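Student: requesting a structural model of the entry that follows:
(one chain, ligands or ions: 1)
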Amino acid sequence: MSETKKGEVSFSPEALKEKYRLEREKRLRPDGNTQYIGLSGLYADFDKDPYVEPGFTRPALTETLDVLIVGGGFGGMLAAARLRQAGVNSFRIVEKGGDFGGTWYWNRYPGAACDVESYVYLPLLEETGYMPTEKYAKAPEIFAHCQRIGRHFGLYKAALFQTQVQQMDWDENARRWRVTTQRGDRLSARFVIVAGGVLHKAKLPGIPGIETFQGHSFHTSRWDYAYTGGGPMGGMRRLADKRVGIIGTGATAVQAIPHLGASAQHLYVFQRTPSGVGVRNNQRTDAQWVKTLQPGWQQERIVNFTAVVSGREQEVDLVRDGWTYLFQDTARRQARSPEEAAELRQLDDYRKMEEIRARVAAIVKDPVTAEALKPYYDPLCKRPCFHDEYLETFNRPNVQLVDTGGKGVERITPAGVVVQGKEYPVDCLIYASGFEVSTEYTRRLGFDIRGRGGKSLRDSWAEGAATLHGMHSRGYPNLLIFSTAQSGWAINFVHILNEQSQHAAYIIERCLKRGIETIEPSEQAQQQWWEVILGELKKKGIIFGGPDCTPGYYNNEGVKSAPSAVRLASMGDTLKFAELLRHWRQGDDLAGLEVTRGEAASHP
Ligand code: NDP
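Tutor: Got it, this is the predicted structure:
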């Protein structure tokens with residue numbers, strides 16, 4: 001390939017390839033995921049819920065249920081809503097937070113908003129009769145929608161908030177799960193749905209000296225408005241006399257930094273790898289457009305969006321935004337061989353990232369800062385971001401980018417942050433350092449699950465998950481897991497949760513109706529499913545975070561690890577995943593699941 005000119009940008013693919021390689025190499029480090037530290041032990045205070053009054057108590061419960069749902073985010077709420085629709089009403093939802101919402105309960109940082117279009121991202125819009133006010137709704141509106149779902153489906157009466165599962169054991173005699181919580185509850189459930197979330201276990205960077213910092217600090221998912229003042233819409237007046245540092249420049253930081261820049265006396269942005277930031281172009285919802293919508297419009301739009309971003313040819317792109325632009329793939333569809341398709345795709349990726357870099361140069365006035373803000377990797381190596389004020393913030397006189405040359409912050413001292421030998425004193429240090437994704441599953445969940453014969457899921461999945469449909473696992477009867485491992489992986493993750501929740505509700509309703517006490521996948525079904533996943537991977541390749549990508553949570557921080565690869569392996573094409581599940585349900589024979597029937601001894 002030689003010099004390429006297309007539209008506005010021209011570039012040399014060879015030069016970019018080499019530049020990407022060099023930038024990646026700067027960032028590779030052998031410690032991978034272990035460079036991060038969890039919010040426990042010395043750092044447990046970082047995990048405290050700042051949104052509830054301290055001191056909540058309630059009597060412990062002892063209950064026998066058809067279903068226990070772990071997690072009250074979109075996954076758990078969708079599961080509960082679909083169960084209600086299926087006529088299954090004996091369930092409880094155990095949720096760590098003080099309300100529904102999951103991600104949208106915890107992430108209240110200033111500027112938080114959905115980055116996938118609200119009309120496809122917010123679930124159950126038609127069912128609840130709600131229309132978001134903007135194309136990309138802000139966090140308070142999304143949190144309020146979670147509460148709306150809770151009210152609409154009568155979920156509040158089933159919820160146990162500020163409650164965490166401590167132990168979960170399969171009782172073979174009773175054929176039930178025995179679950180205890182930190183509040184002393186003893187719950188006995190025929191089925192358990194674990195909807196523990198994907199990006200919920202916050203992590204801190206393991207920077208030397210982090211424990212010595214004497215100023216104020218917190219993680220973005222536990223924003224301390226008591227300290228900063230203001231709220232999710234900004235206006236943090238108490239920062240007016242504060243020097244603030246933020247570590248991290250991922251999707252969270254991109255949304256928070258414009259507000260921090262507007263409020264802080266001085267803001268230092270400590271950057272290891274710049275995000276690619278495209279145009280957002282948010283808009284108020286058009287009332288005239290809303291009037292044209294016909295029943296069923298939301299599912300149609302959801303499917304259309306996922307189809308476009310899965311590279312499927314569609315007559316119309318309903319969402320038409322930065323995401324769908326990224327996945328426009330006409331050239332590749334016209335390719336005559338897989339090799340030609342890969343080459344065309346790569347050229348297109350270079351071109352799209354050149355546009356992103358040109359945008360930085362056009363907006364950021366200081367050329368050194370602008371150069372440091374340019375991302376040199378393929379678009380799907382890291383979560384693409386879209387924002388119209390982020391880059392502009394670096395033109396403010398009180399905002400300073402401290403680029404670490406790909407190496408990360410060197411040290412934290414009692415007074416501030418050290419980069420390349422220079423100390424930057426700060427009063428407040430904010431960690432926008434993200435969440436665990438490819439670490440061991442039960443570690444992220446916060447408790448182990450003991451199935452048949454007391455076998456721990458942590459041990460069973462030590463070398464990676466073994467599942468049918470990413471949902472069932474042999475040795476763990478009546479356990480239904482919503483995760484990305486060996487299920488779907490989509491840009492609109494709520495689309496997958498919607499499919500999983502309908503699937504789970506169907507299975508549970510069928511079992512309860514037909515007197516089926518236990519379901520458990522056969523060894524063979526698990527093996528066959530793994531082969532389906534591998535086949536898909538072979539066909540489509542790794543869509544997010546391939547092995548040549550700059551390190552990040554999409555590729556296990558650039559470290560090759562078989563268990564993590566198995567954990568991250570999923571069907572890149574959510575529509576295919578959904579079609580497969582639908583087809584399985586149409587068979588109406590619970591294929592691949594071993595079943596037992598009859599009334600088991602009851603030990604409530
Ligand atoms: P990320 O994991 O994307 O970002 C963490 C940041 O911390 C990275 O910039 C990382 O740098 C940086 N970092 C880590 N260690 C160091 C160090 N030692 N020194 C300096 N910098 C360091 O977390 P986010 O919370 O930003 O986003 C997580 C995910 O949440 C997103 O990818 C997205 O899926 C989701 N999200 C969704 C939103 C939505 O609107 N729906 C909004 C926000 C987030 P490096 O890149 O080099 O690793």
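Student: which helix or strand contains the residue of the stretch 1-150 of the chain found nearest the ligand?
Tutor: Minimum separation of the stretch 1-150 of the chain from the ligand (Cβ to the nearest ligand atom) falls at Asp115, amounting to 3.4 Å. Using the backbone N, CA and C atoms, a C-beta is placed for each residue, glycine as well. Here Asp115 sits in a region with no helix or strand, counting by DSSP states H and E.
Student: do the same with Phe218
Tutor: Counting by DSSP H and E, Phe218 is part of strand 216-219.
Student: ramachandran coordinates for the residue nearest to Glu300 when sequence neighbours are not counted?
Tutor: Spatial nearest neighbour of Glu300, excluding adjacent residues (Cβ to Cβ, 6 or more residues apart in numbering): Leu318 at 7.7 Å. Backbone torsions of Leu318, given as degrees, to the nearest 10, read phi -70, psi -40.
Student: residue numbers of the stretch 451-600 of the chain in contact with the ligand?
Tutor: Counting by Cβ under 6 Å from any ligand atom, the stretch 451-600 of the chain comes close to the ligand at Gly552, Tyr553.
Student: what about the stretch 451-600 of the chain, any weak spots by pLDDT?
Tutor: Low-confidence segments of the stretch 451-600 of the chain (pLDDT under 70): 540-543, 545, 561-568, 599-600.
Student: ok, now the chain?
Tutor: 1-9, 329-333, 438, 540-543, 545, 561-568, 599-604.
Student: phi, psi for Leu480 please.
Tutor: Main-chain torsions, Leu480, degrees, to the nearest 10: phi -120, psi 120.
Student: what are the buried residues along the longest helix along the chain?
Tutor: Ranked by residue count, the top helix of the chain under DSSP state H comes out as helix 338-363. For helix 338-363, burial by neighbour count (16 or more other Cβ atoms under 10 Å) applies to 341, 343-357, 359-360, 363.
Student: by contact count, what packs against that helix?
Tutor: Counting contacts by 3 or more Cβ pairs under 8 Å, 6 or more residues apart in numbering; DSSP states H and E, helix 338-363 packs against strand 4-6, strand 9-11, helix 13-27, strand 277-278, helix 330-333, helix 367-372, helix 390-393.
Student: I figured the residue of the stretch 1-150 of the chain closest to the ligand hits Asn282, correct?
Tutor: No. Contact criterion Cβ atoms under 8 Å: Asp115 and Asn282 do not qualify, at 10.3 Å.
Student: what sits in contact with each of the two?
Tutor: With contacts taken as Cβ atoms under 8 Å, 6 or more residues apart in numbering, the residues that reach both Asp115 and Asn282 are Tyr136.
Student: give me every residue in the protein lying close to the ligand.
Tutor: Residues of the chain lying near the ligand (Cβ under 6 Å from any ligand atom): 27, 113-115, 199, 205, 207, 247-253, 255, 270, 272-273, 383, 404, 408-409, 432-435, 552-553.
Student: what about the helices in the stretch 101-250 of the chain?
Tutor: For the stretch 101-250 of the chain, the helices defined by DSSP state H, counting those that start in this stretch occupy 103-106, 118-121, 125-128, 139-152, 225-228.
Student: so how far is the longest one from its chain's centroid?
Tutor: The offset between the C-alpha centroid of helix 139-152 and the centroid of the whole chain comes to 18 Å, using Cα atoms, centre = their mean, to the nearest Å.
Student: give the buried residues for that helix.
Tutor: Ala139, Glu141, Ile142, Phe143, His145, Cys146, Gln147, Arg148, Ile149, Gly150.
Student: that older thread, tally of neighbours for the residue nearest to Glu300?
Tutor: 18 (other Cβ atoms under 10 Å).
Student: now do Val368
Tutor: Using other Cβ under 10 Å, Val368 is surrounded by 10 other residues.
Student: list the contacts of stretch 157-164.
Tutor: Against stretch 157-164 from outside (Cβ under 8 Å, 6+ apart): 49, 52, 56, 61, 72, 80, 91-100, 150, 181-183, 185, 446-447.
Student: ok, 10 Å please
Tutor: Contact with stretch 157-164 is made by 49, 52, 56-58, 61, 63, 65, 67-70, 72, 76-77, 80, 83-84, 89-100, 105, 150, 181-185, 187, 446-447, as judged by Cβ atoms under 10 Å, 6 or more residues apart in numbering.
Student: so of those residues, which ones are in helices?
Tutor: Gly76, Met77, Ala80, Leu83, Arg84, Tyr105, Gly150.
Student: of the residues you listed, which is the most crowded?
Tutor: Neighbour max across the ones in helices among the contacts of stretch 157-164 (other Cβ under 10 Å) = Ala80, 30 neighbours.
Student: for that residue, what are its contacts?
Tutor: 67, 69, 72, 88-89, 91-93, 100, 149-150, 153-155, 158-159, 193, 195, 501, 505 are the contacts of Ala80 under Cβ under 10 Å, 6+ apart.
Student: ok, of these, which come out buried?
Tutor: Neighbour-count burial within these applies to 67, 69, 72, 88, 91-93, 100, 149-150, 153, 155, 158-159, 193, 195, 501, 505; the criterion is 16+ other Cβ under 10 Å.
Student: all good on my end, thank you.
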